[in-house]
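Visitor: Build me a structure from this.
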Amino acid sequence: THTHTHRTHTLQERAGLLPTSAQLQPQQIQTHALKISRMGRRGSNAMLLTVLLKLFCCILCWLDTSVCAEPYLVPGFARQHVLSMEEVVKFRFIPGGTSLLIGCRTGEFYITDTNSLPLQPTLFMKITNLRLEGEQGMLSFALDPNFSSNGYFYVFYSPDMTKDQPGFRLSRFSFFDYDVLASEVVFWQDPYGYPGPYHFGGDVVIYDGHILVTLGDKYYAEQSQDPDDSASCVLRFRLDGSVPTDHNTPKTAKVPACWAWGLRNPWRASVDAVTNRVYVGEVGSNSQSLAREDLHVLKAGANYGWPFCEGACDNPDYAATCDCNQHESAIYSYPHSDSDKPTGANAAIIGGYVYRDSQFPPYYYGAYFFGDYSRQWIKYLPLDTNGDPTEEDAILFATEVGAIVNIEPGPEGSLWYSTLAGVERIINIGSGNFPPVVRWAQPSAMDGPVPFVVLFTADAYDVNLDPINYRWFFGDGTSSTDPSPVKVFYTPGHYSVILQVSDGQAQAVSKTIKIQAGTPPQALITSPSPTLLFRAGERVVVTGQGVSSQTGPLPAGALHWDVILNHDDHVHPVLQNSLGSTLTLDVPYDGHSFQDDVYFIITLWAVDEAGLMGSHTIRLHPLEVNITIASDPPGVTIFKDGIPRIAPYTVDSMVDFHHYVAAPPKSCIQGKEYIFDRWSNAQPASHMLLVPVVNRVYTAFYTYLGPCGNARTECLVKGCKFVSGDPCQCDPECAYHGDCCADYHELCVQATSPPATTTKPTTT
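Guide: Sure thing, here's the model as predicted:
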């Protein structure tokens, strides 16, 4: 499918009530503008009808919530738009005041005062040496405990280096320096580069006078438990950048800063000052029937189990690989399968913070507020005085919050959060004077040729029932106090329109409305056809062109490409603002599979001499087949791309994709022990599987050995995971590669009690 961006007719034009703005002569504009204005001010009968319709919708919503389109928010609260800005992935309030530091994934850092709206952010630093492929970029930052006196803040970002050079970087900057960017002091450089485009985690928090950085598996699950890689580590540094010597994980030898490990994608973390606990949200896997979103408490030396575990350490779905003696259990988790979709739905937990203020009612004190990027809600989890959950399920607080990526406490006690489109806050309206709320503000049309006539309307209210004053700012130096003004844009260009409302004491603003006046250029993606089905490892060359309505064909420098990866109900960035008439897209052949509804959305933007923009978008889908991983007998836990699942299971996958499958040497199923014999494709127990062009079943065959289970062979159920001091376990180096020691069976079949020896068995 493909779409063109072009001028759309307004509702009035479609109804025949108004000629298009292109047909208007200058002397007619004010007459027709007045006509639109009057349409926006119908009499009391129309207002009464509107009220009755809203009441009817409320009754329907109460009877059946599926028909209610209004976003949910706990009664007694109101949400406010604070700032329109793209990709605000992190923001922090300066302690003791109302100043806000804002960090964007694209490297910009702003400071603004939050006492009055609209906010007026001032750029004070931009990281120019920045790699922005996939989810790389500026991921997070934290303020030094003494920021007010030393100005130090710590940034975790991806410098623009080649894939074979060092990757992510933790640096300190000084806000008080004249040239903030030049004040950089590099604390740590990841020596393992950028193996993939996603799952970086990357939050930065200050805990017990140290810096913690939460790293993800970097797109490859098997790296999480690899002792020779920084993936999935929680890194710990002193405030001067040095590394403490008391770390103790299997990764510490190669990565001295590794303080804890085994996390898939720990996106946001926070420290509760009362319990001194560090909470982190871990985004779950893509297997919708098994995946869980986890909330963890970080501890020194802990292994959180990915990819051997999700959810509780005794989760039966991971019984063959997850061990409560080795792996930390999530203190709270929720499944993907709790959706109303038959196969489950995506989810992506955004860690939040424990509420420790008084602006919310006392019931919320000590509760953990967190969000979900995919499901676009905020929930809260009541905690006891030790910081443990008191409820089995979190409680819904707000829906339709947008693609939420960060949640922080506001200095006035409200909840602030950012999405990919800006910053919002939620306030308690129980007492006192509170700012009015703008539910929505919209134009009758967003683009059209000049003179461009637009009617602006809005829905706003004051929680204290005070009168509201309106002021529209049209982005050209003019404004209007009319609640529903008509604006004529005579000059081609882009205009950012904002509505400000006030009750005489406090203000609120709308989301920024983007207006494009003038005839935009035509953009056209000429190849490939949107019917193309690409394969793994393929290089897709995309070409396009642009034509200005004034000057004709546009040069290659006027063409910009954006690429995002759609994954069911959420998206991942791939490339941004790539210049030229040609785009080269290298399709990955391993790592994050193209399972479920995954495809590329490619947009070409053409920009003319006046800055007007036209776009053309296509979607490219992969060529997919179904592969089934089976075992004979059924029930063996078989790894695919480092992730364990009980066979048989079927996944859709892209043709020519590389999956890495591993069948365990032995398996205990319902009291019977089996030993691996062969794969149906005549490959070894662990091998690379190249996805064919037709549906196919791959079966791991096992041979019966004898009875198993109970205390004498409990170690067999654990699979190939090493437990120090347990001679029934494999050598850790062998276990990492999926191999068990030669005398594993002989050691484990001894009766009722473990072998007397405590020496580690000989391995092959």
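
Visitor: If we ignore the residues flanking it in sequence, what's nearest V598?
Guide: Of all residues not flanking V598 in the chain, H567 sits nearest, at 5.2 Å (C-beta to C-beta, 6 or more residues apart in numbering). C-beta coordinates here come from the backbone N, C-alpha and C atoms, glycine included.

Visitor: D384 now?
Guide: With C-beta to C-beta, 6+ apart, the residue lying closest to D384 is T390, at 5.2 Å.

Visitor: what's the answer for F600, then?
Guide: L620 (4.6 Å).

Visitor: Packing partners of the strand or helix carrying that neighbour?
Guide: Element membership for L620, per DSSP states H and E: strand 613-622. Taking 3 or more C-beta pairs under 8 Å, 6 or more residues apart in numbering; DSSP states H and E as the contact definition, the neighbouring helices and strands of strand 613-622 are strand 2-4, strand 522-527, strand 533-534, strand 539-548, strand 598-607.

Visitor: try 10 Å
Guide: Under the contact definition 3 or more C-beta pairs under 10 Å, 6 or more residues apart in numbering; DSSP states H and E, strand 613-622 sits against strand 2-4, strand 522-527, strand 533-534, strand 539-548, strand 559-567, strand 598-607, strand 649-654.

Visitor: how about the strands in the stretch 51-200 of the chain?
Guide: Secondary structure of the stretch 51-200 of the chain by DSSP state E, counting those that start in this stretch: the strands cover 77-84, 88-93, 99-104, 108-113, 122-126, 138-143, 152-157, 169-174, 185-189.

Visitor: what's near enough to touch F600?
Guide: Each residue near F600 by C-beta atoms under 10 Å, 6 or more residues apart in numbering is listed here: 534, 540, 542, 563-566, 574-575, 585, 587, 594, 618-622.

Visitor: ok, of the residues you listed, which come out buried?
Guide: Buried subset of those (neighbour count, 16 or more other C-beta atoms under 10 Å): 534, 540, 542, 563-565, 574-575, 585, 587, 594, 618, 620-622.

Visitor: And those, which is the shakiest by pLDDT?
Guide: Looking at pLDDT alone, these dip lowest at F594, where the score is 82.

Visitor: Is it in a helix, a strand, or coil?
Guide: Under DSSP: H, G, I helix; E, B strand; the rest coil, the three-state class of F594 is coil.

Visitor: That one is in contact with H658, isn't it?
Guide: No: the pair F594 and H658 fails to qualify as a contact (C-beta atoms under 10 Å) at a distance of 11.9 Å.

Visitor: Identify the contacts common to these two.
Guide: With C-beta under 10 Å, 6+ apart as the test, F594 and H658 both reach 536, 588, 691.

Visitor: in this protein, which spans are helices?
Guide: Under the criterion DSSP state H, helices of the chain are mapped to 11-14, 26-39, 44-63, 147-150, 714-717, 732-736, 744-748.

Visitor: what is the mean pLDDT for the fifth one?
Guide: The average pLDDT for helix 714-717 rounds to 38.

Visitor: Could you do the third one as well?
Guide: Confidence for helix 44-63, expressed as mean pLDDT, is 41.

Visitor: Least confident secondary structure element in the protein?
Guide: Of all the helices and strands that make up the chain, the one with the lowest confidence by mean pLDDT, DSSP states H and E is helix 11-14; it has a mean of 28.

Visitor: quick revisit: want to throw the strands of the stretch 51-200 of the chain into TSV with mean pLDDT?
Guide: Supplementary listing: those in TSV, determined by pLDDT from 0 to 100:
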stretch	mean pLDDT
strand 77-84	92
strand 88-93	96
strand 99-104	97
strand 108-113	97
strand 122-126	97
strand 138-143	97
strand 152-157	98
strand 169-174	97
strand 185-189	96
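
Visitor: Out of those strands, which is closest to A506?
Guide: Ranking the strands of the stretch 51-200 of the chain by distance to A506, with C-beta to C-beta as the measure, places strand 77-84 first at 9.9 Å.

Visitor: where are the low-confidence patches of the chain?
Guide: Residues of the chain that meet the criterion pLDDT under 70 lie in 1-70, 162-165, 339-344, 431, 709-764.
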